[in-house]
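Q: this is a predicted model, with the sequence first.
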Amino acid sequence: MMPAYLDCNATTPVEKEVAREVHRFLVEEFGNPASPVHMYGTIARMAVEKARRDVAALVEAQPDEVIFTSGATESNNLVLLGFAEAGLNSGRTHIICSAIEHKAVLEPVESLKGLGFKVTILPVDENGVVCVEALAEAIRPETLCVSIMHVNNETGVVQPLDEVVKILDEHHAWLHVDAAQGFGKELELLRLSRIDLISISGHKIFGPKGVGALVRRRRDDEYPPLKPLMLGGGQEQGLRPGTLAAHSIVGLGTAARIALRDYDARREACLTFKNELLDALGSLEVVVHGDLQRTLPNTINLSIPGVEAHSALSSLKNLIAFSNGSACTAHTQEPSHVLQAMGVKGRLLDEAIRLSWCHLTDKVDWPQVCSVIRKLRGGSE
């Protein structure tokens, strides 16, 4: 038997309804959306535009503000690197981001330094929350863009975007939000109209891998001044050329529509699972990283004192499938930059694991999980 899957922040299972739609537009309705001169292309184009509306609806944006990409990583790069020319031409060459951003933000930001940009990295507190006071001190006239994630991928902590918006209310800096982990799982914050750019991924909301979107809201009837990273074809308003993968886009749109439809039921299921998990592991005196009052219902990051993460991963592999951090850095031996930014040190850093689940997650034999952990500690049953 397969173990219970508790690594949904790495990728989610695909909803059956999504899979059916992807299959239909891969095998049956296989037309090119850029060829609406016949029925095949027309059907594909109509399906893509419906998906655009469904994605926009989740964040209360306009359909023409949605640009389809290969995922949040590409969307993040399209924003941060796409701003370079506008920044250099205007003299606004200051970028702000937080210390707990995904590598898909931190690495493009680092590359901008080579072009002459100045970068401010905002600290977080011990609960994994970005210090908005530091943002207020860091913002200056030449600030071009502020990039603050929606939900941290390792801790599940929801960031105070409402407070960020207030600080930027009278400033011209563009606000970018990497919403890979929170899109469809927390609605209110992403609907703040002051958020100019939102990056999302399909495979984090029960859709296919390899598809995502960038929501590019207009401000004063103008789009943020991005330049494309690739050229050729002019698709997606000239920002993302190439033949649209209609089957994947339809999958993303279907996943977005279901996320809105089933929002309350999914949250309730995840909260129930979270409470069961905390009750089961409570006797192990685990140390939770991140404010539980600010985390999404589907994620927890914790250290089990006396049990290193690699030992837990190996010993529990037949019971639960989970991770010790971000999927993009799982192949490295480096400690989590997120937990380090939160001040986690020493053994607790080596013992940290991430458990993330969803409404589709199987029941877990928690007594057996706890039994294995106690054995790892050398304790008795």
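A: Received it, and whenever you're ready, just let me know what you need. Everything numeric in this text was worked out from a predicted model, so none of it was measured. Numbers count the residues shown, from 1 in each chain.
Q: so where do the helices sit in this protein?
A: Here the chain has its helices, by DSSP state H, at 16-23, 39-59, 72-80, 84-90, 103-113, 132-138, 161-167, 246-261, 263-281, 309-315, 337-341, 346-350, 366-377.
Q: now the ones you listed in CSV, with mean neighbour count and distance to Asn152?
A: To be clear about C-beta, it is placed using only N, CA and C from the backbone, and glycine gets the same treatment. Shown next, in CSV, are those (neighbours: other Cβ atoms under 10 Å; distance: least, Cβ to Cβ, whole Å):
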stretch, mean neighbour count, distance to Asn152
helix 16-23, 17, 25
helix 39-59, 19, 19
helix 72-80, 25, 13
helix 84-90, 15, 26
helix 103-113, 18, 12
helix 132-138, 16, 15
helix 161-167, 18, 12
helix 246-261, 24, 19
helix 263-281, 15, 16
helix 309-315, 16, 18
helix 337-341, 21, 6
helix 346-350, 14, 16
helix 366-377, 15, 24
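Q: now distance to Glu126 and mean pLDDT too, for those, in CSV please.
A: Below are the helices of the chain laid out as CSV (distance: least, Cβ to Cβ, whole Å; pLDDT from 0 to 100):
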stretch, distance to Glu126, mean pLDDT
helix 16-23, 38, 98
helix 39-59, 30, 97
helix 72-80, 26, 98
helix 84-90, 33, 97
helix 103-113, 21, 97
helix 132-138, 14, 97
helix 161-167, 18, 98
helix 246-261, 31, 98
helix 263-281, 19, 97
helix 309-315, 20, 95
helix 337-341, 10, 96
helix 346-350, 12, 95
helix 366-377, 25, 95
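Q: now render those as CSV, adding distance to Gly233.
A: Converted to CSV, the helices of the chain look like this (distance: least, Cβ to Cβ, whole Å):
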stretch, distance to Gly233
helix 16-23, 23
helix 39-59, 15
helix 72-80, 15
helix 84-90, 20
helix 103-113, 23
helix 132-138, 38
helix 161-167, 34
helix 246-261, 15
helix 263-281, 36
helix 309-315, 44
helix 337-341, 37
helix 346-350, 46
helix 366-377, 51
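Q: so which of those is nearest Leu226?
A: Among these, the nearest to Leu226 by Cβ to Cβ is helix 72-80 (6.5 Å).
Q: the residue nearest to Gly156 when sequence neighbours are not counted and Pro224, how far apart?
A: Once flanking residues are discounted, Gly156 sits nearest to Thr299: 2.7 Å by Cβ to Cβ, 6 or more residues apart in numbering. Per Cβ to Cβ, to the nearest Å, Thr299 is found 30 Å from Pro224.
Q: of those two, who's got more company?
A: A direct count of neighbours by other Cβ atoms under 10 Å for Thr299 and Pro224 places Thr299 higher, at 25 against 19.
Q: does the more buried one touch Cys358 like I think?
A: No. Taking contacts as Cβ atoms under 8 Å, Thr299 lies outside contact range of Cys358: 10.1 Å.
Q: can you give the domain ranges for the chain?
A: As given by automatic domain parsing, the domain ranges for the chain are 4-12+263-377, 16-261.
Q: now do the contacts for Glu351.
A: With contacts defined as Cβ atoms under 8 Å, 6 or more residues apart in numbering, Glu351 is in contact with Ser303, Ile304, Pro305, Gly306, Val307, Glu308, Ala309, Ala312.
Q: who does the closest residue to it other than its chain neighbours form a beta bridge with?
A: Nearest in space to Glu351, with sequence neighbours left out and distances taken as Cβ to Cβ, 6+ apart, is Ser303 at 3.9 Å. With DSSP bridges as the criterion, Ser303 is bridged to Val287, Ala352.
Q: what's the distance between Glu236 and Pro224?
A: Per Cβ to Cβ, Glu236 is found 14 Å from Pro224.
Q: for Asn153, find the nearest of the helices of the chain.
A: Closest to Asn153 of the helices of the chain, according to Cβ to Cβ: helix 337-341, at 8.0 Å.
Q: and for the closest one, what's in contact with it?
A: Contact partners of helix 337-341, identified using Cβ under 8 Å, 6+ apart, comprise 99-100, 106, 123-124, 128, 152-155, 289, 301, 325-326, 349, 352.
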